[in-house]
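>>> coordinates for the following, if possible.
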Amino acid sequence: MRRFRFRLEGLLRVRTVRERQARRELADLLRFLREAEARLEQARVEVREAEARLLEARDARALRSAAAFLDQARLEAVAAEQRVGELKAQVEVAWARFLHARTERRVVERLRERQLQEHRREEERREQTQADEAALLRSVRKP
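Residues are numbered from 1 along each chain as shown. Next up is the predicted model:
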């Protein structure tokens, strides 16, 4: 039996590597997004706490301090929201890149599988032909 050789094996390896890289990039971005969402939630908590401090302020000095704390908390919340939005956009791009890479790999894998099946059928035909020829020779040699 002849050994199967897929001429596009190198391309399949490259596409597999690209898919793995795309999957890693997507996983990293999803992790960053979860962290940014947690940071956003924390910033929102800090805004609510700052608002409560502002309402509880008893004198001008406490009021100024609470207002400054609230302004800073709101700035951090806005920055966190922007970061979450940016990461969501990056995740969408990375998701599309991953799906594309996976599709490209699957196309080459399907081609490999079809060629392997064809190789097996051809080998079976050869073996059957050899078996038929051997049987024919045996039957011709018998008197």
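>>> show me what contacts the residue nearest to residue 70 when sequence neighbours are not counted?
Spatial nearest neighbour of residue 70, excluding adjacent residues (CB to CB, 6 or more residues apart in numbering): residue 50 at 3.8 Å. Where C-beta positions appear, they are placed from N, C-alpha and C, glycine not excepted. Neighbouring residues of residue 50 by CB atoms under 8 Å, 6 or more residues apart in numbering: 66, 69, 70, 72, 73, 74.
>>> can you tell me which of those are in helices?
Of the contacts of residue 50, the ones assigned to helices by DSSP state H are 66, 69, 70, 72, 73, 74.
>>> could you dump those to a markdown table with distance to residue 82, neighbour count and pLDDT?
Shown next, in a markdown table, are the ones in helices among the contacts of residue 50 (distance: CB to CB, whole Å; neighbours: other CB atoms under 10 Å; pLDDT from 0 to 100):
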| residue | distance to residue 82 | neighbour count | pLDDT |
| --- | --- | --- | --- |
| 66 | 25 | 19 | 92 |
| 69 | 21 | 17 | 93 |
| 70 | 19 | 19 | 94 |
| 72 | 16 | 13 | 96 |
| 73 | 15 | 20 | 96 |
| 74 | 13 | 16 | 97 |
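>>> would you mind giving those residues as a markdown table with distance to residue 84 added?
Formatted as a markdown table, the ones in helices among the contacts of residue 50 follow (distance: CB to CB, whole Å):
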| residue | distance to residue 84 |
| --- | --- |
| 66 | 26 |
| 69 | 22 |
| 70 | 21 |
| 72 | 19 |
| 73 | 16 |
| 74 | 16 |
